[in-house]
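**Student:** Have a look; sequence and predicted model below, questions after that.
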Amino acid sequence: MTLTTEEKHLDDLVQQLLKEHDPAGGRVEFLEAQFDVGLAWVHFDEGYGGLGLAPKLQSRVNAQLADVGAPMCWPFNPIGYGMCGPTVYTHGSEAQKNRYLRPLFSAEEIWCQLFSEPSAGSDVAGLTSRAVRDGDEWIVNGQKVWTSLAQVSRWGCLVTRTDPEAPKHKGLSYFVVDMKQEGVDVRPLRQITGEAEFNEVYFTDARIPDAERLGEIGDGWRVALTTLMNERVAIGGGQAPRGSGPIAESVRLWGAMADHRKNLATQDRLMRLWIKAEVARLTNIRASQNRGKGVPGPEGATGKLAFAENNKAIREFNMELLGPQGMLYNLDVTGHSTTGTDGARSTQKSFLRSRANSIEGGTSEVMRNILGERVLGLPGDVRTDKDLPFTEVPNN
């Protein structure tokens, strides 16, 4: 196959990177070098970890680096790489982009997302955390919940209400917040797996400089959409090899079953799930190839919805294949699973964790609304509070 000029240029840069920097020589140093050569987010502009190319070419870079075992940003800083980085790049000032993007990509500084609240989960615009202007600073009070990685994060992407008299979507502003500063209290939440992956975060008179605002005052909803759309691509837009991932575990478990437990009905379910997984994979590839630069479109909701529903169904099937063994699940004192041959990544833990897939990053119901309205052109939900001042919205 003949390579395009861009593909050849990328391949040369990857080889240059590997020649000059040993992938085994240290994660931070290698990822900093990858950022500097423009292979972090290839669709970003030069100087910000990119080369101004099409987003689909990033997978070409990642595949070559994965083949040699090079370190990746994603496993260490998934929210930073998939969501906060693109938001800072799209809406941040030059100073913010220069300050945050490089250490974010090297995973030297971990990021989290502070959107959901006890009374505002799927309805993000219904949040009640307040930021009040005090000179060149904002004083923040309120509570966030379900914040992954808050316990290890250096920075967070925070949406707060800055004008309670404006309609709920128009009274929000978006900030970068120092997670280690005074007035920020992170408290772990134990989840169904036994681990504490999520957290509550309390803000008590926490001060944020106005210079750390992303976007204009009152424009927080538009900025938040950038984060949310990238989140859905990050969760459901993967392009794994054919037959890999959870469905590969299904095939393995089926093959390991005793012959007397195998039957045509179970085999039929396995093949149906395999086909669904492959359809979702091919759809994600097509969406990536068609995606231009900028904020992702509704294809993110398509991938996220398919991922959530398929993953839950596959994980349930895998538990059935385990039989009585599927009921066994233990945790050691560190909170890690001790069941199964691969410890914390056991089949049982994966099943329990998959329960969150249809909630995190926007519920499956929200994804269906997005696809119905933005793709199929169906009438939107009745929104009686859309134009009301937030102070007049019931139960706010």
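**Tutor:** Perfect, thanks for sending it.

**Student:** shaky segments in this structure?
**Tutor:** 1, 231-240, 287-299, 331-345, 395-396 (pLDDT under 70).

**Student:** Centre of it to the edge, which residue is at the far end?
**Tutor:** Checked against the mean C-alpha position of the chain, the extreme residue using CA atoms, centre = their mean is H260, at a distance of 41.7 Å.

**Student:** And for the strand ranked longest in the chain, what's in contact with it?
**Tutor:** Ranked by number of residues, the top strand in the chain under DSSP state E is strand 198-209. The set of residues that contact strand 198-209 without belonging to it, under CB atoms under 8 Å, 6 or more residues apart in numbering, is 114, 129, 131, 134, 136-148, 150-151, 156, 158, 175-178, 181-189, 191. Where C-beta positions appear, they are placed from N, C-alpha and C, glycine not excepted.

**Student:** how about 7 Å then?
**Tutor:** 114, 129, 136-148, 150-151, 175, 177, 181, 183-189, 191 (CB atoms under 7 Å, 6 or more residues apart in numbering).

**Student:** any idea how far P23 is from P78?
**Tutor:** When CB to CB, to the nearest Å is the yardstick, P23 and P78 sit 20 Å from each other.

**Student:** for the chain, what spans make up the helices?
**Tutor:** Secondary structure of the chain, counting by DSSP state H: helices at 5-20, 27-36, 58-67, 78-79, 85-91, 94-105, 220-236, 246-256, 264-290, 299-322, 347-354, 364-370.

**Student:** From the chain's centroid, how far away is the first one?
**Tutor:** The gap between where helix 5-20 is centred and where its chain is centred comes out at 28 Å by CA atoms, centre = their mean, to the nearest Å.

**Student:** Which elements pack onto it?
**Tutor:** Contact analysis of helix 5-20 by 3 or more CB pairs under 7 Å, 6 or more residues apart in numbering; DSSP states H and E lists helix 58-67 as its packing neighbours.

**Student:** any chance of the helices of the chain in CSV, plus distance to D163?
**Tutor:** Written out in CSV, the entries for these read as follows (distance: least, CB to CB, whole Å):
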stretch, distance to D163
helix 5-20, 45
helix 27-36, 37
helix 58-67, 37
helix 78-79, 27
helix 85-91, 18
helix 94-105, 23
helix 220-236, 10
helix 246-256, 44
helix 264-290, 36
helix 299-322, 28
helix 347-354, 38
helix 364-370, 25
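
**Student:** can you redo those as JSON lines with mean neighbour count?
**Tutor:** JSON lines is the format used below for the helices of the chain (neighbours: other CB atoms under 10 Å):
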{"stretch": "helix 5-20", "mean neighbour count": "14"}
{"stretch": "helix 27-36", "mean neighbour count": "19"}
{"stretch": "helix 58-67", "mean neighbour count": "16"}
{"stretch": "helix 78-79", "mean neighbour count": "21"}
{"stretch": "helix 85-91", "mean neighbour count": "23"}
{"stretch": "helix 94-105", "mean neighbour count": "18"}
{"stretch": "helix 220-236", "mean neighbour count": "23"}
{"stretch": "helix 246-256", "mean neighbour count": "17"}
{"stretch": "helix 264-290", "mean neighbour count": "15"}
{"stretch": "helix 299-322", "mean neighbour count": "21"}
{"stretch": "helix 347-354", "mean neighbour count": "22"}
{"stretch": "helix 364-370", "mean neighbour count": "17"}
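
**Student:** what's the closest of the ones you listed to E392?
**Tutor:** E392 lies closest, by CB to CB, to one member of the helices of the chain: helix 220-236, at 18.1 Å.

**Student:** A131 against T162, yeah?
**Tutor:** Yes. Using CB atoms under 7 Å, A131 is in contact with T162, at 5.0 Å.

**Student:** re earlier: which among the contacts of strand 198-209 count as buried?
**Tutor:** Judged by neighbour count, with 16 or more other CB atoms under 10 Å as the criterion, the buried members of the contacts of strand 198-209 are 114, 129, 137-148, 150-151, 175, 177, 183-184, 186, 191.
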